[in-house]
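Chemist: let me see the structure of the following:
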Amino acid sequence: MKVKVRSGDTLWYYSQLFYIPVQLIIDSNPSVDPNRLKIGTEIQLPGFRKENHSIKQGDSFWSLAQNRNIDVDALLLMNEGVNPNGLQVGSTIILPSRVVSPIVNGKQAYGSQRFEGDVQRLKEIYPFIKLRSTGESVGGKDLIEIRIGSGKKKVHMNASFHGNEWITTSVLMTFINDYLLSLTNSQLMRGIQTLPIYADVTMSLVPMVNPDGVDLVLNGPPGDKRTEMIALNRGSTDFTGWKANIRGVDLNNQFPAKWEVEQERKEEKEPAPRDFPGYKPLSEPETIAMAKLARQEKFDRLLALHTQGKEFYWGYDGLEPPEAAKLAKDFTRVSGYESVRYIDSYAGYKDWFVKEFKKSGFTLELGRGINPLPLSQFDEIYQDVLGILLVSIYRWYE
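Modeler: The predicted structure follows:
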């Protein structure tokens, strides 16, 4: 929601007028000097939408402000040029509408188009989030990174490395939406205040690493690739078991962390719906982009969301730091998920991250069953993993 600066206005005043943390307003307006506001400058206020209101008999700015529990000056600010003492029945004014409900509906098939639409809607309401493309998929779709917070500590989360694990994207997007609602409405998440986290921690989130694979599972092959994709899928038109990217490479078997071991023992030696690690590590644009992101940002922690098993993996060749064991213990406490330090599987993003940076990395296997997991599990999965996601950004050890 945008307003225009008047004489004497400050961002601090807006924060008091609309009950929004001033730092969120500052971060929503990165090109504006908060100490030198110019009259007429448009300021974006996060957590609100504008709502048209048709004046009815008996309406006044005072009564409308009382009904919405806001100051009259909020209405004066939003209705520049309107005479509050001369309201005409049937005329239209603008009211601020605080956003208190989620935009994201995770309990539905969640393909790349829905994901991109939700990202843009979140950006409109919460302009303090930062968006960028970290690269492109084989099919030319942007690998969107959402960045939230301004702290020195950096936590990265990602989802949908595998096409038929698309429910992980809707889980992560639901978490993002709930976190943003908490920030703008001063609400606790599991008893935790989120504004101090926002100031202390920067979250990097890539909710859909494999958009082509996700869309293939949900929508079937695009027309120009139908024959090719059915051939790769062993002649089947059922793509629900597809994990790979659209070139038939399993993206979570692509990283240089004992990649040769995985290549040697995998039965798949050529492009396939799952388990083919490629002809060399980091051969795919999606994995190249994710490796580049980690090298650029040097994250303190990494969480990769997968399905299924109600467990998580966190070790790699003894290179994980001491805090990883503490985090693992807390993750189990808040989720009930089984902690697995070492597993005879390599070449994943988590493996490479721990090997490369000696930082805490986790592969979370959400839910239990056959992929793709049914949406009937969504609520349970989200409640289980919410504690883990919060611990990862909230709990820091001496």
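
Chemist: the protein: helices as residue ranges?
Modeler: With helices called from DSSP state H, the chain shows them at 11-18, 22-28, 61-68, 72-78, 112-125, 167-185, 195-200, 211-219, 226-232, 259-265, 285-297, 322-335, 349-357, 378-394.

Chemist: for those, which one sits closest to residue 248?
Modeler: With respect to residue 248, and counting by CB to CB, the nearest of the helices of the chain is helix 226-232 at 5.0 Å. From N, CA and C alone the C-beta is placed, and that goes for glycine too.

Chemist: which parts of that closest one are buried?
Modeler: Residues of helix 226-232 classed as buried: 229, 230, 232 (neighbour count, 16 or more other CB atoms under 10 Å).

Chemist: which other helices and strands contact it?
Modeler: The criterion is 3 or more CB pairs under 8 Å, 6 or more residues apart in numbering; DSSP states H and E, and there are no helices or strands that helix 226-232 contacts.

Chemist: can you give me every residue that contacts the closest residue to residue 114 other than its chain neighbours?
Modeler: With sequence-adjacent residues excluded and distances taken as CB to CB, 6 or more residues apart in numbering, residue 114 is closest to residue 108, at 7.5 Å. Contacts for residue 108 (CB atoms under 8 Å, 6 or more residues apart in numbering) come out as 114, 170, 375.

Chemist: can we see that at 10 Å?
Modeler: Residues near residue 108 by CB atoms under 10 Å, 6 or more residues apart in numbering: 114, 170, 375, 378.

Chemist: on that earlier part again, and residue 147, which of the helices of the chain is closest to it?
Modeler: Among the helices of the chain, if distance is taken as CB to CB, the winner is helix 285-297, at 9.5 Å.

Chemist: and the closest one, which residues are buried?
Modeler: 285, 286, 287, 289, 290, 291, 293, 294.

Chemist: C-alpha coordinates for that helix, PDB please?
Modeler: What follows is helix 285-297, C-alpha atoms only, in PDB (Å, rounded to 0.1, in the frame of the first residue of the first chain):
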ATOM      1  CA  PRO A 285      21.800 -25.300 -14.900                       C
ATOM      2  CA  GLU A 286      19.700 -25.800 -11.800                       C
ATOM      3  CA  THR A 287      22.600 -27.400  -9.800                       C
ATOM      4  CA  ILE A 288      25.100 -24.900 -11.200                       C
ATOM      5  CA  ALA A 289      22.900 -22.000  -9.900                       C
ATOM      6  CA  MET A 290      22.500 -23.600  -6.500                       C
ATOM      7  CA  ALA A 291      26.200 -24.200  -6.100                       C
ATOM      8  CA  LYS A 292      27.000 -20.600  -7.200                       C
ATOM      9  CA  LEU A 293      24.500 -19.200  -4.700                       C
ATOM     10  CA  ALA A 294      26.100 -21.100  -1.800                       C
ATOM     11  CA  ARG A 295      29.600 -20.000  -2.800                       C
ATOM     12  CA  GLN A 296      28.500 -16.400  -3.100                       C
ATOM     13  CA  GLU A 297      26.600 -16.200   0.100                       C
END
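
Chemist: report the rounded mean pLDDT for that helix.
Modeler: Mean pLDDT, helix 285-297: 98.

Chemist: same check on stretch 195-206?
Modeler: On average, stretch 195-206 scores 98.

Chemist: ditto for stretch 138-145
Modeler: 98.

Chemist: for residue 242, which residues are in contact?
Modeler: So residue 242 contacts 162-164, 210, 213-214, 216-217, 221, 229, 232-233, 236, 248, 272-274, 371-372 (CB under 10 Å, 6+ apart).

Chemist: circling back: in CSV: the buried residues of helix 226-232, plus pLDDT and distance to residue 263.
Modeler: Listed next are the buried residues of helix 226-232 as CSV, based on pLDDT from 0 to 100; distance: CB to CB, whole Å:
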residue, pLDDT, distance to residue 263
229, 95, 23
230, 96, 26
232, 95, 19
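
Chemist: other residues contacting stretch 33-45?
Modeler: Taking CB under 10 Å, 6+ apart as the rule, stretch 33-45 contacts 1-15, 17-18, 20, 22-32, 74, 77-78, 80, 96, 124-128, 184.

Chemist: is it true that residue 91 touches residue 84?
Modeler: No: applying CB atoms under 10 Å as the test, residue 91 and residue 84 come out as separate, 11.9 Å apart.
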